[in-house]
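Q: Have a look; sequence and predicted model below, questions after that.
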Amino acid sequence: MDLKRRQFLAWLGLAAVGSFNLGNLGCGGRGFSAGSLLQAPAQGSASPPPSPSNCPMRNNLGARPRMDSATGTPRRLLRFGHLTDVHITLEQFTFTGHPELETLLDSFGEQIGFGGLDRPEIQERFDVDTLRAMVKTLNAAEPPLDFVVHTGDAVDIGTIPELVGFLSEMNQLNSPWFQVVGNHDCLGMGNIPPALLENFTDLDFLNKQEFIQKHFPGKAQDRSRTAFGSQAKGFDFSPASGGNPPGIRGYYAFTAVPPISGGNGRLIQPGIRFYVLETSRAAGKALGHVDADQLRWLKTALDGHPQSLAVVVSHHPIERIEEGGQELKNLLLDHPQVIALACGHNHMHRIQAFKNPSKPGNGFWQIQTSSLIDYPQQGRILEIYDRGNGTGAIRTFVFNQQASGQLGKNARASYRSAAQERFDGSGSAQDRNVELLFQMPVLN
Ligand SMILES: [Fe+2]
């Protein structure tokens, strides 16, 4: 039992903690059990995410209204949901039956991220219920969401049964949704390359290609149906989305809002494009990586759509991208239409301003959201506004699941368990419910 929570504590830099009451689930020696993934989740309906009455304004980028129109009329352009790091996990997984796995993990380990594996039993048992409760809450959103994005770590150990559990719940969303490859989605336990795991046949480990292809229940290569629309579930590699790389690379772009022309050749409203990155390292280890090919693709894609605001989406925040992170940051700062980078990985709410030092008022917001497996188990809603005065705003707030019935009870039990843990990813007030100002690019 004392192996439980080992990696989690390592990540926190805490010494081994002696006694965690994990109940009598007999986790020793069994090796692996699909546990709750084999049980139907509980039932219950849900209320909408509660919208806060007050979202204080942050203007760390120094956006300034145009002199000629200091008081404009705000117009909402987009409303979307952000979930991240759901970490559906094989309940009762333990290293006890897999000492070789533990050794392998240790070899990648000193900067290990959330190895998962070791969370309290209640959180593991009700992970699917927590996701289902959150999906129902998002479905109840009023006004409805244009789509939802999940920024990676759908699974925890990195196996096919976990992904099936994730997909069967996410595909109940009544809006389109988009997926990102996290390090747990393509590396065993978030760290180990699948090639090193082929001998562990009792665990059906995913690799990146399998992770992506499992999102396409029909023909594995049928990419046409993923063009952004009501059928978008997972990845949008459609050429119709414009500028996507040939083949399946794990990164892609799509148009969330097309620009609107005033009919005289001038734009009266910018579009909004999403650029989804793949930052996980195929060579192993939890930290991020963006290679030169992907950076080139991103530059070309951004250069090709200067009249659409750009929201970049990745699993890792910039400071956790060990290779290519600085280049990525500079590339985003070089494109004034980039207003935000939405990401996860750290399992905490955090909002940072990245200013362009040579262009006052310009830069982008990095918006991190908490995990559903760790406290505070919250999602986020983001609304992008044109304020009509030369500035724009991202109004964002976080929320917990709002389910009733047995579903709500189970999800709240998981929440209470997470609340007793040492890890608190809730951030400060300015990381949660805020209005983030940005400079609207000049349209012509
Ligand atoms: Fe994660």
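A: Happy to help now that I have it. Residues are numbered from 1 along each chain as shown.
Q: alpha carbons only for contacts and neighbour counts from here, please
A: Noted.
Q: residues contacting the closest residue to the ion within the stretch 201-350 of the chain?
A: Nearest to the ion in the stretch 201-350 of the chain, going by C-alpha to the ion, is His345, at a distance of 4.5 Å. His345 makes contacts with 84-85, 152-153, 182, 315-317, 371, as judged by C-alpha atoms under 8 Å, 6 or more residues apart in numbering.
Q: Tell me the residues on the stretch 151-300 of the chain that lie near the ion, please.
A: Remark: no part of the stretch 151-300 of the chain is in contact with the ion, using C-alpha under 5 Å from the ion.
Q: Could you count how many residues lie near the residue of the stretch 151-300 of the chain found nearest the ion?
A: Nearest residue of the stretch 151-300 of the chain to the ion, counting by C-alpha to the ion: Asp153, 5.0 Å away. A count of nearby residues for Asp153, using other C-alpha atoms under 10 Å, gives 28.
Q: Over to Asn264?
A: Counted by other C-alpha under 10 Å, the residues lying close to Asn264 total 7.
Q: So it, which state does it fall into?
A: Following DSSP: H, G, I helix; E, B strand; the rest coil, Asn264 is assigned to coil.
Q: and the contacts of His345, which of them are in helices?
A: Cross-referencing these with the helices (criterion: DSSP state H) gives no overlap at all.
Q: Look up phi and psi at Asn207.
A: Torsion angles at Asn207 (phi, psi; degrees, to the nearest 10) stand at phi -110, psi 180.
Q: The nearest residue to it once chain neighbours are set aside and Ile384: what is the separation?
A: By the measure of C-alpha to C-alpha, 6 or more residues apart in numbering, the closest residue to Asn207 outside its immediate chain neighbours is Cys186, 4.7 Å from it. Between Cys186 and Ile384 the computed distance is 31 Å (C-alpha to C-alpha, to the nearest Å).
Q: These two: who's more crowded?
A: Set Cys186 next to Ile384 and count neighbours by other C-alpha under 10 Å: Cys186 wins out with 30 against 23.
Q: What confidence value was assigned to the more buried one?
A: In this prediction, Cys186 carries a pLDDT score of 95.
Q: give the contact list for it.
A: Counting by C-alpha under 8 Å, 6+ apart, Cys186 has contacts 158, 193-194, 206-208, 211, 280, 282.
Q: Not counting sequence-adjacent ones, nearest residue to His184?
A: Gly190 (3.7 Å).
Q: Before we go further, that neighbour is sitting in a strand, right?
A: No: with three-state DSSP as the criterion, Gly190 is located in coil rather than a strand.
Q: So it sits against Ile157, correct?
A: Yes: contact criterion C-alpha atoms under 8 Å: Gly190 and Ile157 qualify, at 7.2 Å.
Q: The residue nearest to His184: neighbour count?
A: Gly190: 29 surrounding residues under other C-alpha under 10 Å.
Q: picking up where we left off before, for the residue nearest to Asn207, what are phi and psi?
A: The phi and psi torsions at Cys186 (degrees, to the nearest 10) take the values phi -130, psi 0.
Q: And Phe397, by the same measure?
A: phi -150, psi 160.
Q: Going forward, the N-terminal residue is numbered 429.
A: Happy to do that; since the first residue is 429 now, the last one works out to Phe825.
Q: The residue lying closest to it once chain neighbours are set aside and His763, how far apart?
A: With C-alpha to C-alpha, 6+ apart as the measure, Asn861 is the residue that lies nearest to Phe825, at 4.1 Å, once sequence neighbours are left out. From Asn861 across to His763, the span is 26 Å (C-alpha to C-alpha).
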